[in-house]
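Q: fold the following, please.
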Amino acid sequence: MKLYYTPGACSLSPHIALRESGLSFDLQQVDLKAKKLKDGGDFLAVNPKGYVPALALDSGEVLTEGAIIVQYIADKVPSSRLAPQAGTLERLRLQEWLHFIATELHKGFGPINHPKSTDEVKQAFRERLDARFAILAKGVEGKSFLLGDTFTVADGYAYYTLRNLRRLDEQALERSPALKSYFERVGERPAVKAALAAEGLS
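A: Predicted structure coming up:
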């Protein structure tokens, strides 16, 4: 398999999942602005959507959308326990978190970071984003991870959004003990450290 990624982008989530799973994979870096691969190839030929992540399977098929890719990875190695078994209520809870992280946390940064957003717009969306992260904080209170004691692909995705929050406001995690300890706990995992190192991130 081949993961098309951009350092620090949301492709970090499936990158973490791949390292947690133990599956063999290659990394292919993408210049998102130019839509070019590091070797000069056309990324749009791989993913016409023009954004990462994309996962090329051994069959030649290409999967896109991070929340889908991480579930595929988890299901390839059930013993990794990166996702509960399909068809169970626990799996629905995982999907519930993945959807929330994708639509409310990940995409919530868009209007705040958009160059054409006014300060008033940014403030309104920042307040909304803070309220959404409060839901994440409540979700990890008294637990090691979102689904309990077991790390899942939802935690890898949440970690990516918390990195974004820290970049937006260095003190944001300091104001939330639950999020700060959760972020640090996930960040200490060997697979997470390896993914960050491979992407040249700290």
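
Q: hang on, residue 55 in a strand?
A: Yes. With the criterion set as DSSP: H, G, I helix; E, B strand; the rest coil, the secondary structure at residue 55 is a strand.

Q: ok, it touching residue 62?
A: Yes. Under the criterion of CB atoms under 8 Å, residue 55 makes contact with residue 62 at 6.9 Å. Where you see a C-beta, it was placed from the backbone N, CA and C, and this is true even at glycine.

Q: residues making contact with the longest strand seen in the chain?
A: With secondary structure taken from DSSP state E, the chain has its longest strand at strand 26-31. Contacts of strand 26-31 with the rest of the structure, by CB atoms under 8 Å, 6 or more residues apart in numbering, involve 1-7, 15, 36-38, 43, 52, 198.

Q: got it, and stretch 173-184?
A: Defining contact as CB under 8 Å, 6+ apart, one finds that stretch 173-184 is touched by 133-134, 136-138, 140-141, 145, 158-159, 162, 165-166, 172.

Q: the same query, at a cut-off of 7 Å, please.
A: The contact list for stretch 173-184, computed with CB atoms under 7 Å, 6 or more residues apart in numbering, reads 133, 136-137, 140-141, 159, 162, 165-166.

Q: wait, which of those residues is closest to residue 149?
A: Within the contacts of stretch 173-184, distances to residue 149 taken as CB to CB reach their minimum at residue 140, with 11.7 Å.

Q: excluding its backbone neighbours, what's nearest that closest one?
A: Counting by CB to CB, 6 or more residues apart in numbering, the nearest residue to residue 140 once its immediate chain neighbours are dropped is residue 182, at 4.5 Å.

Q: how close does residue 98 get to residue 161?
A: Computed as CB to CB, to the nearest Å, the residue 98 to residue 161 distance reads 11 Å.

Q: leaving out chain neighbours, which residue sits closest to residue 164?
A: Taking CB to CB, 6+ apart, and ignoring the residues beside it in sequence, residue 164 has residue 109 as its nearest neighbour in space, at 5.4 Å.

Q: can you confirm the one you found is in a helix?
A: Yes. With three-state DSSP as the criterion, residue 109 is located in a helix.
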